[in-house]
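A.B. asks: need a 3D model of the sequence below.
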Amino acid sequence: MKFVDEFRDEIYAKSLVKELQNISDEKINIMEVCGTHTMSIFRYGIRDILPNNIRLISGPGCPVCVTPQSYIDKALELTLAKDVIIATFGDMMKVPGKKTSLLKRKAEGADIRIVYSPMDAMLLAQNNPLKKVVFLSVGFETTAPMTAVTAMEAKKNNVRNLFFLTAHKIVPPAMGALVEDKELGIDGFLLPGHVSAIIGEKPYEFLGEKYNIPGVITGFEPIDVLKGLISLVKMISNKDYRIVNEYKRIVKHEGNSNAMEYLNNAFEITDCRWRGIGNIPKSGYILNKEYEDFDAIKHFNIVYEDYDGSPGCKCGDILKGKITPLECPLFKKICTPDNPVGSCMVSSEGTCAAYYKYNG
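C.D. replies: Got it, this is the predicted structure:
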């Protein structure tokens, strides 16, 4: 299959592994920002073939994982209202709040619908005019344009009973926050392919200009990842602090101009809290004044008391790359995919889910 088989070629992959193992002897810390990269790296056994001097750190690359628990609890509060339908992607259903989850509330009779796009939520609103439909709008730059388009369509079609509880996040500012944490000692980034397809290369350039940190945009097949690692290790060794695009079949230098236009039309940038990291300036999207009638926070007068996580859960430290899931006392004991204590175990892109599925 074009763009798949050629990026899984065994002979070529072996040659890349050999090259990677002989580039440098210095100790190098590389963070993969994207949760899909984390899963691919485990799936293809890439951690097992790395030389001992190269350490891969899994970062906060899962939007469900970095959403504060306080957001989940506010969504759960809204399920108590008889005139509210909650619309959400399926990966939010098991995320634990302080006392319960959306999945448990649905079992208790709350009107919670799994949808596959924000447009599905708009259709729900049109088909249920006496209800208030609240879409749990969680995601990075990859999914935020869909929310923007839906808000624009809802306004155009005079849909007045649709609201968005937004928790959209912007990835590059979080990377800056991680670089400033000297305890992590990040030398370079594997940059997310999906996000980069929207925003392009330029938003990452501050990493080299301000912090002397290089980055490589790459895809998710084994050869994609290996080529990305080779480029990155070479740049780190040569003190070459650029952003390189190894995923040109998908990512353009300027990104997706249409998607960026939607974001600029419907959102404004704001400070945002990330689970495990804290408040990061200019790292989130909220609906702007033109579309504020669709903002659930304003409509329902929601006030956040920011907090993260369940007692004993080390999800925050895992998201920052300070520890691995194996160092969490709850991992595989109390916290499992069937009974998640933290958000990192829930999402298919979560680091704990990856370790549970593939490690050991």
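A.B. asks: got any ranges where the stretch 251-360 of the chain has weak pLDDT?
C.D. replies: Along the stretch 251-360 of the chain, the model assigns pLDDT under 70 to residues 360.
A.B. asks: do a quick rundown of the strands in the stretch 101-250 of the chain.
C.D. replies: Using DSSP state E, counting those that start in this stretch, the strands of the stretch 101-250 of the chain run over 112-114, 132-139, 162-169, 188-191, 215-217, 243-245.
A.B. asks: quick one: which of those strands is nearest Gln69?
C.D. replies: Closest to Gln69 of these is strand 162-169 (CB to CB; 11.5 Å). (Each C-beta comes from the backbone N, C-alpha and C, glycine too.)
A.B. asks: what's the angle between that closest one and strand 132-139?
C.D. replies: Orientation check (axes from the mean of the first three to the mean of the last three CA atoms, to 10 degrees): strand 162-169 against strand 132-139 gives 10 degrees.
A.B. asks: strand 162-169 packs against which elements?
C.D. replies: Contacts defined by 3 or more CB pairs under 8 Å, 6 or more residues apart in numbering; DSSP states H and E place strand 162-169 against helix 69-78, helix 118-127, strand 132-139, helix 144-156, strand 267-274, strand 278-287, helix 296-299.
A.B. asks: in CSV, could you pull the C-alpha coordinates for the first one?
C.D. replies: To tie it back to what came earlier, the one meant is helix 69-78. The C-alpha trace of helix 69-78 is given here as CSV (Å, rounded to 0.1, in the frame of the first residue of the first chain):
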residue,chain,number,x,y,z
GLN,A,69,-9.5,16.7,36.3
SER,A,70,-11.4,19.9,37.2
TYR,A,71,-12.6,20.1,33.6
ILE,A,72,-14.0,16.5,33.9
ASP,A,73,-15.8,17.3,37.1
LYS,A,74,-17.4,20.4,35.5
ALA,A,75,-18.6,18.2,32.6
LEU,A,76,-20.0,15.8,35.2
GLU,A,77,-21.9,18.6,36.9
LEU,A,78,-23.6,19.5,33.7
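A.B. asks: re earlier: Throw the helices and strands packed on strand 162-169 into a markdown table and include mean neighbour count and distance to Lys182, thanks.
C.D. replies: Formatted as a markdown table, the helices and strands packed on strand 162-169 follow (neighbours: other CB atoms under 10 Å; distance: least, CB to CB, whole Å):
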| stretch | mean neighbour count | distance to Lys182 |
| --- | --- | --- |
| helix 69-78 | 20 | 27 |
| helix 118-127 | 20 | 39 |
| strand 132-139 | 26 | 30 |
| helix 144-156 | 21 | 31 |
| strand 267-274 | 18 | 19 |
| strand 278-287 | 18 | 16 |
| helix 296-299 | 17 | 35 |
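A.B. asks: indicate which one of those is closest to His253.
C.D. replies: Closest approach to His253 among these is made by helix 144-156 (18.5 Å; CB to CB).
A.B. asks: residues in contact with the nearest residue to Ser237 once chain neighbours are set aside?
C.D. replies: Ranked by CB to CB, 6 or more residues apart in numbering and with sequence neighbours excluded, the top spatial neighbour of Ser237 is Ser24, at 4.5 Å. Listed by CB atoms under 8 Å, 6 or more residues apart in numbering, the contact set of Ser24 reads 53-54, 233-234, 236-237.
A.B. asks: quick one: secondary structure of Ser24?
C.D. replies: Assigned with DSSP: H, G, I helix; E, B strand; the rest coil, Ser24 falls in the coil class.
A.B. asks: just to revisit the earlier point, which one, of the helices and strands packed on strand 162-169, ends up nearest to Lys248?
C.D. replies: Nearest of the helices and strands packed on strand 162-169 to Lys248, taken as CB to CB: helix 144-156 at 21.1 Å.
A.B. asks: export the closest one to CSV, keeping only CA atoms.
C.D. replies: The C-alpha trace of helix 144-156 is given here as CSV (Å, rounded to 0.1, in the frame of the first residue of the first chain):
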residue,chain,number,x,y,z
ALA,A,144,-9.6,22.5,17.2
PRO,A,145,-10.4,23.5,13.5
MET,A,146,-13.4,21.1,13.5
THR,A,147,-14.8,22.9,16.6
ALA,A,148,-14.2,26.3,14.8
VAL,A,149,-16.0,25.2,11.7
THR,A,150,-18.9,23.8,13.7
ALA,A,151,-19.3,27.0,15.6
MET,A,152,-19.3,29.0,12.4
GLU,A,153,-21.9,26.6,10.9
ALA,A,154,-24.0,26.8,14.0
LYS,A,155,-24.1,30.6,13.8
LYS,A,156,-24.9,30.5,10.1
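A.B. asks: so which elements touch it?
C.D. replies: The elements that helix 144-156 packs onto, with contact taken as 3+ CB pairs under 8 Å, 6+ apart, are helix 118-127, strand 132-139, strand 162-169, helix 257-266.
A.B. asks: how about these in JSON lines, adding distance to Pro203?
C.D. replies: Formatted as JSON lines, the helices and strands packed on helix 144-156 follow (distance: least, CB to CB, whole Å):
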{"stretch": "helix 118-127", "distance to Pro203": "23"}
{"stretch": "strand 132-139", "distance to Pro203": "17"}
{"stretch": "strand 162-169", "distance to Pro203": "13"}
{"stretch": "helix 257-266", "distance to Pro203": "10"}
